[in-house]
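Q: A predicted structure for the sequence below; I have some questions about it.
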Amino acid sequence: MTWLRKAKEGLKAQQRRRELPDGLWTKCEDCGEILYHKELERNLWTCSKCSYHFRISARSYIKILTDDDTFVERFSEVVSTDPLKFRDAKRYSDRLKKAREETGLSEAVVCGEGWIDGHPCVLAIMDFAFLGGSLASAAGERIARSILLAIETRRPLLILSSSGGARMFEGILSLMQMAKANALLARLSDAGVPYISIMTHPTTGGVTASFASVGDVILAEPKALIGFAGPRVIKQTINQELPEGFQRSEFLLQKGMIDRIVHRLELKKTIAWLLRFFAAGAALPQKPRRRAGESLERFRAASLPIGTALPPAPPAPGETPAAAPGARTIDLPEPSPNGAPARASKPSAPAPPADTQAPAPAAKPDAPAAKPDAPAAKTPGKSPARSTAREVRVEE
Ligand SMILES: [Zn+2]
């Protein structure tokens, strides 16, 4: 039986080499190429032969993306508790403890501020090693606070997703994070601050169904699995054969779900280019457009260049009575040459809370009087060019 033992030993040796990350060599999980560790590290953990992207930690992504020593972690004090006292094969509290020990992280997402190629950003990087990168109350809260920080500082937001979906050990509390994050991202969008979403392998479940899919620009790593439900569930539901490469980033690029597939070696360069693009776009003279239902404060904040903090609140918004049903006109301050409203530097009352949601009332009796330069009444259909104050027509 010597031959049998030999075969077994041979197999064992091969297995061990694959599992040892600290060894000299690593086998590519896709093409089987044996890769020298040092070279693999130089290639940012991608295969030099087939460009398979090995899964890496949140800390590694931070190191790859941010400029040296610029990252400052925030919101690490927010951690998951075990509100449901959940227990299946193991206690959830024990799973949390083990994940914390194994990864050295306190939650499945690392958030903070950092600089990318000289541009300040707010980053939220998910780590799959922490309970499958699952979205739970603490991870969701960290992401929510990062979005608020991006609104407050007007710095572009970057969320790198790597997740199996919502963390079921926290039940509905996990699912609530999807709506919470997206409600805040809508506010970020209203504030005119860009959001870049990066999807890595895998980005699935509740993360795909919420914040990962709503970026102003959505990037993905090659061959990343991106989807909501798994292919087997979809196949059973629709009772059809799924196309080749279904739910991979290449397929999704073809279908318009993502904007670009970026090799990890090009990731920082691409993001830096996008940040320059957004900064240049924001600096261009442009006529801001106000969205239906948007408050005047938020609209004014959205007209500021990216990267500048919110100014103190302007005086009470002066609004003229509704011009016509379905449309109304409002007065806007003339922008200064750099694009910021002239009143930005005027000392005034403290800024309103970021959650000012209610649109300014259409008719305020004292409003026209507060602004002497505002025409007492505006006729509907008047050309905006004829007025000294800039006007924006809002379709309701
Ligand atoms: Zn390979």
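A: Received, thanks. Residues are numbered from 1 along each chain as shown.

Q: chain neighbours aside, what residue packs nearest to the residue of the stretch 101-250 of the chain found nearest the ion?
A: Here the residue of the stretch 101-250 of the chain nearest the ion is residue 223; by Cβ to the ion that distance is 10.6 Å. Every C-beta, even on glycine, is put in place using the N, C-alpha and C of the backbone. Leaving aside its chain neighbours, residue 223 sits nearest to residue 248 (5.6 Å; criterion: Cβ to Cβ, 6 or more residues apart in numbering).

Q: hmm, back to that, OK, contacts around the residue of the stretch 101-250 of the chain closest to the ion?
A: Neighbouring residues of residue 223 by Cβ atoms under 8 Å, 6 or more residues apart in numbering: 30, 52-53, 201, 248-250.

Q: the ion next: which of those are close?
A: Contacts with the ion are made by 30, 52 out of the contacts of residue 223, judged by Cβ under 5 Å from the ion.

Q: which among the contacts of residue 223 count as buried?
A: The neighbour count (16 or more other Cβ atoms under 10 Å) marks 52-53, 201, 248-249 as buried among those.

Q: dump those into TSV; add pLDDT and secondary structure as well.
A: Listed next are these as TSV, based on pLDDT from 0 to 100; DSSP: H, G, I helix; E, B strand; the rest coil:
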residue	pLDDT	secondary structure
52	94	coil
53	96	strand
201	94	strand
248	94	strand
249	95	helix
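
Q: tell me how far residue 85 lies from residue 219.
A: Residue 85 sits 39 Å away from residue 219, going by Cβ to Cβ, to the nearest Å.

Q: might one say that residue 198 is in contact with residue 126?
A: No. Counting by Cβ atoms under 8 Å, residue 198 stays clear of residue 126, with 9.8 Å between them.

Q: find the residues that touch each one of the two.
A: In contact with both residue 198 and residue 126: 159-161, using Cβ under 8 Å, 6+ apart.

Q: what about the helices in the stretch 1-150 of the chain?
A: Ranges of helices within the stretch 1-150 of the chain are 2-19, 37-42, 58-65, 92-103, 137-153, based on DSSP state H, counting those that start in this stretch.

Q: turn these into a markdown table, columns for mean pLDDT and mean neighbour count.
A: Below are the helices of the stretch 1-150 of the chain laid out as a markdown table (pLDDT from 0 to 100; neighbours: other Cβ atoms under 10 Å):
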| stretch | mean pLDDT | mean neighbour count |
| --- | --- | --- |
| helix 2-19 | 50 | 10 |
| helix 37-42 | 92 | 13 |
| helix 58-65 | 96 | 19 |
| helix 92-103 | 95 | 15 |
| helix 137-153 | 96 | 23 |
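
Q: possible to save those helices as TSV with distance to residue 120?
A: Shown next, in TSV, are the helices of the stretch 1-150 of the chain (distance: least, Cβ to Cβ, whole Å):
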stretch	distance to residue 120
helix 2-19	40
helix 37-42	28
helix 58-65	13
helix 92-103	27
helix 137-153	8
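
Q: take those helices and write them to JSON lines, including distance to the ion.
A: Shown next, in JSON lines, are these (distance: least, Cβ to the ion, whole Å):
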{"stretch": "helix 2-19", "distance to the ion": "13"}
{"stretch": "helix 37-42", "distance to the ion": "10"}
{"stretch": "helix 58-65", "distance to the ion": "19"}
{"stretch": "helix 92-103", "distance to the ion": "25"}
{"stretch": "helix 137-153", "distance to the ion": "31"}
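
Q: surely residue 61 is in contact with residue 124?
A: No. Here residue 61 does not reach residue 124: they are 10.7 Å apart, not a contact under Cβ under 8 Å.

Q: which residues do these two both contact?
A: Each of residue 160 lies in contact with both residue 61 and residue 124 under the rule Cβ under 8 Å, 6+ apart.

Q: related to what we said a few turns ago, mind listing what the residue nearest to residue 223 touches?
A: Residues near residue 248 by Cβ under 8 Å, 6+ apart: 223-226.

Q: now for those, which sits with the most neighbours around it?
A: Counting neighbours by other Cβ atoms under 10 Å, the top entry in those is residue 226, with 25 neighbours.

Q: contacts only, for it.
A: Counted by Cβ under 8 Å, 6+ apart, residue 226 has contacts 199, 202-204, 208, 212, 220, 247-249, 252, 257-258.

Q: dump these into TSV; add secondary structure as well.
A: What follows is these, written out as TSV (DSSP: H, G, I helix; E, B strand; the rest coil):
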residue	secondary structure
199	strand
202	strand
203	strand
204	strand
208	helix
212	helix
220	strand
247	coil
248	strand
249	helix
252	helix
257	coil
258	coil
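
Q: which PyMOL command selects the buried ones in these?
A: Selecting only the buried entries of the contacts of residue 226 in PyMOL, with 16+ other Cβ under 10 Å as the criterion:
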select buried, resi 199+202+203+204+208+212+220+247+248+249+252+257+258
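
Q: for residue 139, state which of the contacts of residue 226 is nearest.
A: residue 212 (12.9 Å; Cβ to Cβ).

Q: for the closest residue in space to the closest one that isn't next to it in sequence, which residues are in contact?
A: Of all residues not flanking residue 212 in the chain, residue 161 sits nearest, at 4.2 Å (Cβ to Cβ, 6+ apart). Residue 161 makes contact with 126, 133, 197-200, 203, 207-208, 211-212, according to Cβ under 8 Å, 6+ apart.
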